[in-house]
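# Quick one, fold the following:
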Amino acid sequence: MVAKRYQWAEGATLEDHSRRKHKILREYFYQYLIVRCQIPKQTKFRLAVIDGFAGGGRYKCGSAGSPIIFIEELKNAVNAVNLDRLAQGLGAIEIECLLLLNDESAEAIEALKANVAPLLADIKENCDKLHLQVEFLSAAFEAVYPTVQKYLAQGSYRSVIFNLDQCGHSHVAHATILDMMRSYPSAEIFYTFAVESLLAFLRKSEPQAYASQLGAVGVDESALLSLQGTMTDKSWLGVAERLVFQVYKNCAPFVSPFSINNPTGWRYWLIHFANSYRARQVYNNILHDNSSAQAHFGRSGLNMLAYDPSHEEGSLYLFADSDRAVAKGQLLEDIPRLVSESGDALIIGDFYSSIYNATPAHADDIHAAMIENPDIEVITENGGERRKPNTITTNDVIKIKKQRSFFPVFLDSRKAK
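Numbering: from 1, shown residues only. Predicted coordinates for the structure are as follows:
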């Protein structure tokens with residue numbers, strides 16, 4: 001599939017899958033800033049944002065592209081944070097942000113400069129708690145990445161967000177994604193691609209790896225190719241999602257392999273890479289606030305890809321209320337089973353770290369399943385028992401009750417001999 005580049009000078013058309021993606025990006029970035037500015041004694045937060053395929057900033061219809069979304073939400077967040085801190089009697093916080101905007105098209109960069117200029121002037125005049133440095137670059141992303149690295153090294157940035165909204169698939173190397181996630185402790189990546197391009201790229205460039213990845217998801221190439229023409233079929237989504245996860249699961253501790261949900265079929269993938277379970281937790285919650293924006297096919301509990309396609313065990317999960325009800329039922333079974341596999345107790349923070357790469361569930365549903373479960377209890381640091389889901393903290397302990405309704409499976413030592 002040949003990627004179609006936007007014509008920014010003539011006015012680029014905003015497609016439906018991009019609109020859905022931008023809404024998720026906007027809401028997540030705002031929430032990300034709110035979460036990162038919560039420490040009472042904090043007076044400054046520093047981050048860098050790299051938009052690798054920035055485009056011209058605004059579409060023909062007037063809607064904001066990702067660079068303007070980042071600028072607008074930086075301003076919105078710093079104002080919201082400081083209003084809340086003022087109400088609490090806390091001192092103000094300042095945000096320092098390096099925003100690197102790159103596009104291979106010089107035409108797009110010129111349009112972008114014109115579109116962001118009014119926003120930057122407004123921030124300089126009216127938002128003294130936001131210090132925003134914007135740099136414009138114009139090259140293919142792989143060619144410009146060494147320059148990006150130099151900027152990040154000069155500023156000693158630890159919190160870095162990459163937005164890689166490419167045409168096709170092959171414009172960002174697998175090794176580059178690995179480098180991003182391993183070089184910066186608090187790195188996150190939003191990575192968009194057309195799945196048809198990924199399949200074509202893998203078949204051509206890594207045929208052996210491609211074949212082994214297909215085997216890992218239990219299908220052969222002919223079966224997968226036969227599904228490409230029916231991308232609105234749930235079986236296509238399940239196979240493709242598992243393949244995508246196999247390809248990218250080694251890039252970061254937390255990888256969300258969900259497709260952008262589109263009536264014309266599951267063609268575009270928006271993957272979120274993170275080094276922290278907290279980032280994945282917030283991302284899952286944002287998806288539930290935007291139900292039907294992304295799609296998952298499989299289980300909805302703690303083992304989202306652990307199903308047998310031949311037995312039709314999976315179901316379509318669109319992060320809506322009906323999906324959450326199904327997830328909660330699975331969580332009531334999955335949570336005590338996971339805890340029992342570790343013994344009989346886990347610190348909540350460790351529990352989160354062990355689950356969030358394999359669940360689409362909302363944090364509220366996970367917490368509710370803990371409190372309502374007859375087989376487990378949540379114990380505070382002082383030894384008390386939690387009664388309400390919204391009071392659970394990372395230092396609490398989730399524990400199997402002495403009187404429980406399920407029976408763990410043990411190896412029979414006599415049969416093992």
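# contact partners of stretch 178-194?
1, 3, 21, 25, 32, 149, 152, 157-169, 172, 177, 250-252, 260, 267-276, 279 (CB atoms under 8 Å, 6 or more residues apart in numbering). C-betas here are computed from N, CA, C, even on glycine.
# Show me which positions of that stretch end up buried.
For stretch 178-194, burial by neighbour count (16 or more other CB atoms under 10 Å) applies to 180, 181, 184, 187, 188, 189, 190, 191, 192, 193, 194.
# Looking at the residues you listed, which are in strands?
Applying DSSP state E to these, the entries found in strands are 187, 188, 189, 190, 191, 192, 193, 194.
# With pLDDT and distance to residue 141 added, can I get those residues in CSV?
Below are those laid out as CSV (pLDDT from 0 to 100; distance: CB to CB, whole Å):
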residue, pLDDT, distance to residue 141
187, 96, 16
188, 97, 17
189, 97, 12
190, 95, 14
191, 93, 11
192, 90, 13
193, 85, 12
194, 82, 16
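# and which of the residues you listed is nearest to residue 400?
Taking CB to CB as the measure, residue 188 is the one of those closest to residue 400, at 34.0 Å.
# roughly how far is stretch 85-103 from the heart of the chain?
22 Å (CA atoms, centre = their mean, to the nearest Å).
# again, but for stretch 267-275
So, by CA atoms, centre = their mean, the centroid of stretch 267-275 is 6 Å from its chain's centroid.
# start to end distance for stretch 260-278?
End-to-end distance for stretch 260-278: 22 Å, by CA to CA, to the nearest Å.
# Tell me the buried residues in that stretch?
260-262, 265-278.
# Tell me how far it lies from the chain's centre.
Using CA atoms, centre = their mean, the offset of stretch 260-278 from its chain centre is 7 Å.
# cool, and stretch 14-25?
Between the centre of stretch 14-25 and the centre of its host chain there is 15 Å, according to CA atoms, centre = their mean.
# buried residues in it?
14, 17, 18, 20, 21, 22, 24, 25.
# What is the most widely separated pair among those?
For the buried residues of stretch 14-25, and using CB to CB, no pair is farther apart than 14 and 24, which are 14.6 Å apart.
# helix/strand/coil for residue 336?
Using DSSP: H, G, I helix; E, B strand; the rest coil, the structure places residue 336 in helix.
# from what I can see it touches residue 398, true?
No: if you go by CB atoms under 8 Å, residue 336 and residue 398 don't touch, sitting 9.0 Å apart.
# average pLDDT for stretch 278-293?
Per-residue pLDDT values across stretch 278-293 average out to 92.
# just checking, what packs against whatever helix or strand residue 316 lives in?
Per DSSP states H and E: residue 316 is located in strand 315-317. Judged by 3 or more CB pairs under 8 Å, 6 or more residues apart in numbering; DSSP states H and E, the packing partners of strand 315-317 are strand 294-298, helix 321-341.
# Could you please name the strands it pairs with and the direction of each pair?
strand 294-298 (antiparallel) (DSSP bridges).
# give me every residue that touches residue 314.
Residues near residue 314 by CB under 8 Å, 6+ apart: 234, 238, 297, 298, 299, 307.
# Pick the one among those residues closest to residue 402.
residue 299 (29.1 Å).
# shouldn't residue 161 be in contact with residue 48?
Yes: taking contacts as CB under 8 Å, residue 161 lies within contact range of residue 48: 7.4 Å.
# closest to residue 380 among the buried residues of stretch 14-25?
residue 24 (34.5 Å).
# got the domain boundaries for this structure?
16-316, 328-400 (automatic domain parsing).
# which residues in the protein form helices?
Along the chain, counting by DSSP state H, helices occupy 16-36, 66-87, 106-126, 141-155, 174-183, 195-205, 207-216, 221-227, 234-248, 277-289, 321-341, 348-355, 363-372, 413-416.
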